[in-house]
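Trainee: Everything below, folded, please.
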Amino acid sequence: MKLRNLICLFLLVPAIVFSAGTQETGKSKEVVLNWYSHASSLGATEQTIIEAFNEQNPDITVKVIELPEATNDKLQALLIALQSGDSSIDFFNADVTWTATFASAGLIEQLDPYMSASERNEFLPGTIEAATYQGKLWGIPFRTDAGVLYYRSDLLEKYGKPVPKTYEELFATAAQINNAEGGGLYALVGSLANGEGMTCNAVEWFYSNNGEVIGSDGSIRINSPQNVEILSLMVDAHKNRLMPEGVLSYGSGDARASMFQGKQVFMRAWPKAYAMGQDATKSQVAGKLGVAPLPKGPQGTSGKSVVGGWQLFLNKNSKQKDAAIKFMKFYASEYAQKLHALNDSYLPARRSLYADADILAKYPYYSLFPSILESAVARPQSPYYAEISAILSAEVQNAMKQSKSPSQALADAQKAMMNVGK
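Mentor: Okay, here's the model as predicted:
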């Protein structure tokens, strides 16, 4: 049953009671788990994993129920269902930015009792950080992502330039190469349209300069000298045409297109861009792309990449928690994550799989990402993340468009964020 249909049932027939999670099967009871997952584009891999689980656990049946396609639609549908007290949802796929939203509302089960320290250490640190809120674990990661710096390895080699460690070096290097090449090359491109893409880029800028958005105590800290400084650097780069003219309307595909058309020296993108860039029929820079960690700002100690990806949450009201945890751990196991990596190009959340011979044989470029993924960090944790992200993106856009100074834009962002939830 589609989740949208379930929601209609919640709204129209509040008193409806869903079937219990156990069924009589001869002399034993079969546990039936309802897993609210992505749309069925990757259903074949999910089904293979479920069948493997059932071989080991014949008394547990897992039913996959589709969530809406768009991430925001998934979020709203799940919030409506769980806030109604529904217990038929046992566990569900959750974006890395949802942890504080569901945990603060008391809608999901704390997982510390189920996941030992040694088990957590098998995952990349940023994936566990993204699944943690107020010092407690709420999710089990099953795939990941992180911001990556791509560079034209042929051009850096041609002009004897090292991969830049700072944004200032990046812009200077690209300007020198552009001049030597006779023009036509931009320094940096990213997904800077107003939205989550801009938030990811901006948070990476702030973090790279030792700035913050939300402190560990929950205080809003976006209006800081460090953040003003790095945002001013980006505004100047855009103003001085070191970024494409239309970059403030670019989504991920637009940023990749600029790089693949040979117009860029550097690009910030997600890891999946690497394989796309090696297709010579669609990319003019096939075989000419290097990968490195993102640069740092003037006051930073290292570049920072924000974590993307997905995890599993356990419904607080599930009546089958032990069985659900058993499957959740199986779905986040090396076996399942390896299967998704080989079949669907998912980046695993488990450290060990980046040295797996089968994965590296199929995707040799996976060996480029461990150092970047190991140091990736979570986006700001807030029960009101969607509102915080929208404010951040809009005000950074105002600065980039020069409708506000960087200091004014961040002061306005600070004020607006402090009023969220009041």
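Trainee: can you pull the pLDDT of Ser371?
Mentor: Per-residue pLDDT puts Ser371 at 89.
Trainee: how far does stretch 190-202 stretch from start to finish?
Mentor: This stretch, stretch 190-202, spans 10 Å end to end (C-alpha to C-alpha, to the nearest Å).
Trainee: Just the buried residues of that stretch, please?
Mentor: Using 16 or more other C-beta atoms under 10 Å as the test for burial, stretch 190-202 gives 190-194, 196-202. To be clear about C-beta, it is placed using only N, CA and C from the backbone, and glycine gets the same treatment.
Trainee: Of those residues, which belong to strands?
Mentor: Of the buried residues of stretch 190-202, none are assigned to strands by DSSP state E.
Trainee: So which elements touch the host helix or strand of Met328?
Mentor: Applying DSSP states H and E as the criterion places Met328 in helix 321-331. When contacts are defined as 3 or more C-beta pairs under 8 Å, 6 or more residues apart in numbering; DSSP states H and E, helix 321-331 packs onto strand 28-37, helix 43-56, strand 60-66, strand 91-95, strand 140-146, strand 307-314.
Trainee: Walk me through which strands the shortest one pairs with, and which way each runs.
Mentor: Partners of strand 91-95 in the sheet, by DSSP bridges, are strand 28-37 (parallel), strand 307-314 (antiparallel).
Trainee: picking up where we left off before, out of the helices and strands packed on helix 321-331, which comes closest to Ala361?
Mentor: helix 43-56 (18.5 Å; C-beta to C-beta).
Trainee: Over to Asn220: give its phi and psi.
Mentor: Asn isn't right for residue 220; it's Ile. When read as degrees, to the nearest 10, the backbone of Ile220 gives phi -80, psi 130.
Trainee: bridging residues for it?
Mentor: Ile214.
Trainee: Near it, how many other residues are there?
Mentor: 21 (other C-beta atoms under 10 Å).
Trainee: Contact partners for it?
Mentor: 213-214, 414, 417-418 (C-beta atoms under 8 Å, 6 or more residues apart in numbering).
Trainee: could I get the strands paired with strand 91-95 as JSON lines with mean neighbour count and distance to His238?
Mentor: Below are these laid out as JSON lines (neighbours: other C-beta atoms under 10 Å; distance: least, C-beta to C-beta, whole Å):
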{"stretch": "strand 28-37", "mean neighbour count": "19", "distance to His238": "40"}
{"stretch": "strand 307-314", "mean neighbour count": "24", "distance to His238": "24"}
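Trainee: Worst mean pLDDT among those strands?
Mentor: strand 28-37 (a mean of 89).
Trainee: what's the distance between Gln397 and Leu192?
Mentor: Here the criterion is C-beta to C-beta, to the nearest Å. By it, Gln397 lies 8 Å from Leu192.
Trainee: what touches both of these two?
Mentor: Common neighbours of Gln397 and Leu192 (C-beta under 8 Å, 6+ apart) are 198, 248.
Trainee: just to revisit the earlier point, with Ala172 as the reference, name the closest of the strands paired with strand 91-95.
Mentor: strand 307-314 (29.2 Å).
Trainee: quick one, what contacts the closest residue to Tyr36 other than its chain neighbours?
Mentor: Nearest residue to Tyr36, sequence neighbours excluded (C-beta to C-beta, 6 or more residues apart in numbering): Phe92, at 3.8 Å. Residues near Phe92 by C-beta under 8 Å, 6+ apart: 35-37, 67, 78, 312-313, 315.
Trainee: Now with 10 Å, please.
Mentor: 3, 34-37, 65, 67, 74, 77-78, 81-82, 98, 102, 108, 311-315 (C-beta atoms under 10 Å, 6 or more residues apart in numbering).
Trainee: for Ala349, same thing?
Mentor: 96, 122-124, 126-128, 130-131, 140-145, 307, 309-311, 332, 337, 373 are the contacts of Ala349 under C-beta under 10 Å, 6+ apart.
Trainee: What distance do you get for it to Phe260?
Mentor: 28 Å.
Trainee: Ala273 too?
Mentor: Taking C-beta to C-beta, one finds Ala273 at 9 Å from Phe260.
Trainee: Now do the shared contacts for those two.
Mentor: Contacts common to Ala273 and Phe260, judged by C-beta under 10 Å, 6+ apart, are 267, 283, 289.
Trainee: My read is that the second one contacts Met259, right?
Mentor: Yes: contact between Ser283 and Met259 holds when scored by C-beta atoms under 10 Å: they sit 8.2 Å apart.
Trainee: what is in contact with these two at once?
Mentor: By C-beta under 10 Å, 6+ apart, the residues touching both Ser283 and Met259 are 273, 276-277, 289.
Trainee: tell me which of those is nearest to Asn227?
Mentor: After measuring the shared contacts of Ser283 and Met259 against Asn227 - C-beta to C-beta - the closest member comes out as Ala273, at 26.6 Å.
Trainee: Contact partners for that closest one?
Mentor: With C-beta under 10 Å, 6+ apart, Ala273 has these contacts: 148, 150, 252-253, 255-256, 259-260, 267, 283, 289, 291.
Trainee: hmm, which of those residues are the buried ones?
Mentor: For these, buried by 16+ other C-beta under 10 Å: 148, 150, 252, 255-256, 259-260, 267, 283, 289, 291.
Trainee: circling back to that earlier point, mind giving me TSV with the shared contacts of Ser283 and Met259 and columns for secondary structure, distance to Phe171 and pLDDT?
Mentor: TSV is the format used below for the shared contacts of Ser283 and Met259 (DSSP: H, G, I helix; E, B strand; the rest coil; distance: C-beta to C-beta, whole Å; pLDDT from 0 to 100):
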residue	secondary structure	distance to Phe171	pLDDT
Ala273	helix	21	96
Met276	helix	25	96
Gly277	helix	22	97
Leu289	strand	19	97
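Trainee: Just flag the most distant two among those residues.
Mentor: Met276 and Leu289 (9.8 Å).
Trainee: Identify the contacts common to the two.
Mentor: The contact lists of Met276 and Leu289 share 259-260, 283, where a contact means C-beta under 10 Å, 6+ apart.
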